[in-house]
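Peer 1: Fold the stuff below for me.
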Amino acid sequence: MPSQSSTTHHDPFSPEHIHATWSGTASVEDAAQAFGLSRSKSYDLVRRGEFPCRVLPIGRTTRVVTASLLRVLESGEPEYNTASSASTKAS
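Peer 2: Numbering: from 1, shown residues only. So this is what the prediction gives:
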């Protein structure tokens, strides 16, 4: 008979676990795993402004906004960084 701890094991990249344990930002690598993407594909999407959730360039580092990642995982609707800049280009 399996132990109870093995039956209650949670996926480390489930929205519930992310909400409970991650801080306000996460690495691109961790977010990539949550989306089921490779590290190289994720960085390619970040460079093109097409990563499915909001990212923050901080110096030479890029961080993913955890709240945005959770919204995308739960809704399936991407939140691209370019969405806010599109309205400023229209003028």
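
Peer 1: ranges for the strands of the protein?
Peer 2: Assigned by DSSP state E, the chain shows strands spanning 25-27, 55-58, 61-65.

Peer 1: and those as a markdown table, adding mean neighbour count?
Peer 2: Yep, even glycine has a C-beta here, placed from its N, CA and C like the rest. Shown next, in a markdown table, are the strands of the chain (neighbours: other CB atoms under 10 Å):
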| stretch | mean neighbour count |
| --- | --- |
| strand 25-27 | 18 |
| strand 55-58 | 14 |
| strand 61-65 | 18 |
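
Peer 1: could these go into TSV alongside distance to K41 and mean pLDDT?
Peer 2: Listed next are the strands of the chain as TSV, based on distance: least, CB to CB, whole Å; pLDDT from 0 to 100:
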stretch	distance to K41	mean pLDDT
strand 25-27	15	94
strand 55-58	14	94
strand 61-65	14	95
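
Peer 1: could you redo those as a markdown table and give each row distance to R71?
Peer 2: Formatted as a markdown table, these follow (distance: least, CB to CB, whole Å):
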| stretch | distance to R71 |
| --- | --- |
| strand 25-27 | 14 |
| strand 55-58 | 14 |
| strand 61-65 | 9 |
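
Peer 1: Of those strands, which is nearest E74?
Peer 2: Of all these, strand 61-65 sits nearest to E74, with 14.2 Å by CB to CB.

Peer 1: where's the closest one relative to the chain centroid, distance-wise?
Peer 2: On the basis of CA atoms, centre = their mean, to the nearest Å, strand 61-65 is displaced by 9 Å from the centre of the chain it belongs to.

Peer 1: which residues are contacting it?
Peer 2: 24-28, 30-31, 43, 46, 51, 53-56 (CB atoms under 8 Å, 6 or more residues apart in numbering).
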